[in-house]
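**Q** no sequence for this one, just the structure:
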């Protein structure tokens, strides 16, 4: 079994490099991946789930974490955006929030505007498929945010709420997440690329 050492590599490199190896590998192939932080472990776990790969958590040391991903013998092909559109599905809408404020100028006003935007989002006839939070936007999904209840209402209705794990760690918010899940830059890019409509308040 091949071992990939991704210690010291930041998001999304461990996921991307692992993806390359597994895509080129024969069905049934397993690879061990070594990373040095729990966020990378969760990123790999999400990647495995999305691709239908087997995922096993292995040895854990203070400085590194070992996981094993296994390519299935007969992976199911997922329909791409074009195929889904041809099948008559509605457009995929993604909201991308990159700051705790909306617009430029007065930050207090910007915070009020963004709070109002997220509330107004819950009052629309159609809701987005995913709301992404990254950089300073990570504050909106963590303890102390005045938008938690609005975001929970969206999540309860089936809207995917995702916050960048690297951003949570950078701001010391990893233990403060109140709504949604943690994601990585590879998934953020993939989600934006697959969207028909991207809204950035």
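**A** All right, it came through fine. Quick caveat, the model's predicted, so the values are computed rather than measured.
**Q** show residues contacting the longest helix seen in the chain.
**A** Ranked by residue count and defined by DSSP state H, the top helix of the chain is helix 107-122. Residues outside helix 107-122 that contact it (C-beta atoms under 8 Å, 6 or more residues apart in numbering) are 95, 97, 99-104, 127-128, 131, 140, 146-147, 150-151, 153-154, 201. Using the backbone N, CA and C atoms, a C-beta is placed for each residue, glycine as well.
**Q** repeat that with 10 Å
**A** Residues from elsewhere that reach helix 107-122, judged by C-beta atoms under 10 Å, 6 or more residues apart in numbering: 95, 97, 99-106, 127-128, 131, 137, 139-140, 145-154, 157, 159, 199, 201.
**Q** tell me what the following helix or strand past it is packed against?
**A** Once the chain leaves helix 107-122, the next helix or strand it forms, by DSSP states H and E, is strand 130-133. Where contact means 3 or more C-beta pairs under 10 Å, 6 or more residues apart in numbering; DSSP states H and E, strand 130-133 is packed against strand 93-97, helix 148-156, strand 160-164, strand 181-183, helix 185-194, strand 197-199.
**Q** closest one to residue 71 among the ones you listed?
**A** Closest to residue 71 of the helices and strands packed on strand 130-133, according to C-beta to C-beta: helix 185-194, at 17.4 Å.
**Q** what residues sit buried inside that closest one?
**A** 185, 186, 187, 188, 190, 191 (16 or more other C-beta atoms under 10 Å).
**Q** turn those residues into JSON lines, columns for distance to residue 30 and pLDDT.
**A** Listed next are the buried residues of helix 185-194 as JSON lines, based on distance: C-beta to C-beta, whole Å; pLDDT from 0 to 100:
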{"residue": "185", "distance to residue 30": "25", "pLDDT": "92"}
{"residue": "186", "distance to residue 30": "21", "pLDDT": "90"}
{"residue": "187", "distance to residue 30": "22", "pLDDT": "91"}
{"residue": "188", "distance to residue 30": "27", "pLDDT": "95"}
{"residue": "190", "distance to residue 30": "23", "pLDDT": "92"}
{"residue": "191", "distance to residue 30": "27", "pLDDT": "95"}
